[in-house]
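Novice: Here is my input, please return the structure:
(one chain, ligands or ions: 1)
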Amino acid sequence: MSFYVIKGPNRLRGEIKVAGAKNAALKFLAATILTQGDNEIKNIPEINDIKKLIEILVDLGAKIKKEKNKFIISTDKIKKSKINDDLGRELRASIILAGPMLARFKKVTIPHPGGCLIGKRPIDIFIKGLQSFGANFTENGSSYTFKAEKLKGTTYLFPKISVTGTETMMMTAVLAEGKTILKNCAQEPEIPSLAKYLNACGAKIKGAGTSTITIEGVKKLKAGKTSIMPDRIEAGTFVVTGLLTKSEIIIKNCEPKHLENFLYYIQEAGGKLEIGKDYIKTFPSQKFYPVDIITHEYPGFPTDLQAPFTLLMTQAMGQSLIHEPIFEGRLFFTDKLNQMGANITMCDPHRVIVNGPNKLFGKKVDSPDLRAGATLILAGLIAEGKTTIGNVYQIERGYENIVEKLRNIGANIEIQS
Ligand code: EPU
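Specialist: You can find the predicted model right below:
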């Protein structure tokens with residue numbers, strides 16, 4: 001088992017490139033199940049979650065090959081309808097296969113999905129949503145089967161805003177008979193991006209990126225060619241990296257317009273930035289100021305950037321409140337920052353108060369989940385002494401070559417085993 005060793009504090013300099021978005025690429029791979037022929041997809045990030053999903057697709061019978069910078073994917077030979085138990089459990093995003101498999105092959109069995117330890121993460125929305133298209137649902141122990149000879153267009157109101165839920169129902173509706181209206185949809189930028197791809201393959205989706213999506217079902221989709229959008233969460237993580245280390249770094253290949261709310265709060269906190277069309281440059285800031293944030297569905301403050309922002313607040317002059325209403329397990333990592341010298345008090349699982357500024361010191365810590373794990377790397381970069389981070393599989397689920405990327409801009413970080 002490998003771990004990361006960081007010797008801090010670090011000052012960085014240079015350019016860092018953002019990879020394709022994990023939370024778009026996973027859905028595009030699932031969407032290929034709806035299409036017939038060879039799909040060509042560029043800019044798929046090389047991360048553990050993608051490797052897992054590819055393993056699942058190949059196990060189902062999909063043909064996937066990599067040519068230079070693109071993946072060629074055909075799902076025409078899929079014969080199985082059961083997602084491999086072990087693989088499916090390791091990947092929360094495996095739930096995203098349910099809708100497309102049902103829509104194209106009339107049946108799917110999925111294990112209860114795994115993923116980040118960030119909260120309960122139920123799947124009731126998926127069950128009720130697919131049932132409203134006319135699917136029959138059965139539960140056998142820890143796996144679920146959906147069946148439907150014919151899916152019928154529906155009107156479905158999401159009881160709670162769900163990113164993967166919205167994407168699942170949108171993909172299901174594409175091959176359902178008639179018209180579907182989805183209400184109270186998530187509006188994350190990955191959703192209109194997926195809709196654009198599906199429309200280019202022959203789907204008829206309107207309104208993706210707003211709270212109401214309307215889909216006119218079609219008989220079949222042809223394969224498409226596309227490139228995955230930049231990962232806004234990786235870009236935001238690097239913004240905090242530059243600011244915390246008081247460094248001038250340029251974050252390239254990103255779409256700052258997807259980070260408006262986050263960048264607003266970063267600047268309120270004293271972060272000095274130059275924001276271009278496809279880059280963000282950080283400058284050393286003398287002081288950081290405390291800012292209260294509450295995570296919210298897009299276009300609000302992204303829950304996936306709460307952890308790095310909380311770390312930034314440990315360096316701010318005063319008290320800030322971080323409120324995370326979306327997931328109930330996403331603030332527990334703060335005890336690791338406290339072990340490193342931070343002063344963070346948990347009010348309840350959804351709220352912490354950060355008192356800053358506090359000098360951090362290197363420690364041996366384990367990565368509890370993807371975003372908290374990346375945050376521990378940043379903590380290590382500003383901490384005095386040696387930080388050792390274990391369970392880095394979690395970090396590598398979503399950050400492509402993070403060690404190499406940070407080393408290239410001068411970080412003293414290495415992988416040891
Ligand atoms: N929820 C339910 N029932 C459901 C589904 C969700 O109650 O059937 C609840 C969740 O428990 C949560 C809320 O709805 O409280 C919102 O969760 P959502 O369904 O939007 O989350 P997700 O689709 O499972 C995606 C990203 C997450 C990101 C969230 C929120 C993917 C693969 N994952 O998860 O990304 O945090 O949206 O933006 O797209 C990450 O990248 O680190 C990550 C966890």
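Novice: Give me the nearest residue to Met346, chain neighbours excluded.
Specialist: Among residues not flanking Met346 along the chain, Val352 sits closest, at 5.2 Å (CB to CB, 6 or more residues apart in numbering). C-beta here means a position set from N, CA and C on the backbone, and glycine is covered the same way.
Novice: Parallel or antiparallel, which strands does the host helix or strand of the one you found pair with?
Specialist: Element membership of Val352, judged by DSSP states H and E, is strand 351-356. Strand 351-356 has these partner strands in its sheet, going by DSSP bridges: strand 318-323 (antiparallel), strand 343-348 (antiparallel).
Novice: Please identify the buried residues of the last one?
Specialist: It refers to strand 343-348. By neighbour count with 16 or more other CB atoms under 10 Å, strand 343-348 contains the buried residues Ile344.
Novice: where does the chain come near the ligand, residue by residue?
Specialist: For the chain, the contact set with the ligand under CB under 6 Å from any ligand atom comprises 22-23, 26, 93, 116, 119-126, 160, 162-165, 186, 303-304, 326-327, 370-371, 398.
Novice: Quick one, which of the residues you listed are buried?
Specialist: 22-23, 26, 93, 116, 119, 121, 123, 125-126, 162-165, 186, 303-304, 326-327, 370-371, 398.
Novice: And the strands in the stretch 201-350 of the chain?
Specialist: Along the stretch 201-350 of the chain, the stretches classed as strands by DSSP state E, counting those that start in this stretch are 204-206, 212-216, 221-222, 225-227, 248-252, 272-275, 279-283, 293-294, 318-323, 343-348.
Novice: so which of those strands gets nearest Leu53?
Specialist: strand 225-227 (16.4 Å; CB to CB).
Novice: What is the closest one packed up against?
Specialist: Packing contacts for strand 225-227, counted by 3 or more CB pairs under 8 Å, 6 or more residues apart in numbering; DSSP states H and E, involve strand 39-42.
Novice: Just after the strand it packs on, pick out the following helix or strand.
Specialist: helix 48-60.
Novice: which secondary element of the protein has the worst mean pLDDT?
Specialist: helix 85-90 (a mean of 87; mean pLDDT, DSSP states H and E).
Novice: Extract the C-alpha trace of it and format it as PDB.
Specialist: The C-alpha trace of helix 85-90 is given here as PDB (Å, rounded to 0.1, in the frame of the first residue of the first chain):
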ATOM      1  CA  ASP A  85     -21.200  -7.300  -7.300                       C
ATOM      2  CA  ASP A  86     -17.600  -6.600  -6.100                       C
ATOM      3  CA  LEU A  87     -16.900  -3.900  -8.700                       C
ATOM      4  CA  GLY A  88     -20.300  -2.200  -8.300                       C
ATOM      5  CA  ARG A  89     -19.900  -2.000  -4.500                       C
ATOM      6  CA  GLU A  90     -16.600  -0.300  -4.800                       C
END
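Novice: Nearest residue to Ile280 in space, ignoring adjacent ones along the chain?
Specialist: In this structure, Ile280 finds its nearest non-sequential neighbour in Ile251, 4.6 Å apart by CB to CB, 6+ apart.
Novice: One more: Gly356?
Specialist: Distances taken as CB to CB, 6+ apart place Ala316 nearest to Gly356, at 4.6 Å, with adjacent residues excluded.
Novice: Please report the distance of the one you found from Leu243.
Specialist: Per CB to CB, to the nearest Å, Ala316 is found 11 Å from Leu243.
Novice: Of those two, give the one with the bigger neighbour count.
Specialist: Taking other CB atoms under 10 Å, Ala316 and Leu243 do not tie; Leu243 has more neighbours (25 against 20).
Novice: for Leu376, what are its contacts?
Specialist: Phe333, Lys336, Val365, Ser367, Thr387, Ile389 (CB atoms under 8 Å, 6 or more residues apart in numbering).
Novice: do you know how far it is from the ligand?
Specialist: Separation of Leu376 from the ligand (CB to the nearest ligand atom, to the nearest Å): 14 Å.
Novice: Can you give me the pLDDT of that residue?
Specialist: With respect to pLDDT, Leu376 scores 98.
Novice: Run through the helices of the stretch 1-150 of the chain in chain order.
Specialist: 22-31, 48-60, 85-90, 98-105, 124-132 (DSSP state H, counting those that start in this stretch).
Novice: by how many degrees do the fourth one and helix 22-31 diverge?
Specialist: Using axes from the mean of the first three to the mean of the last three CA atoms, to 10 degrees, the direction of helix 98-105 lies 20 degrees away from that of helix 22-31.
Novice: From the contact counts, what lies against helix 98-105?
Specialist: When contacts are defined as 3+ CB pairs under 8 Å, 6+ apart, helix 98-105 sits against helix 22-31, strand 107-111, helix 124-132, strand 143-147, helix 163-174.
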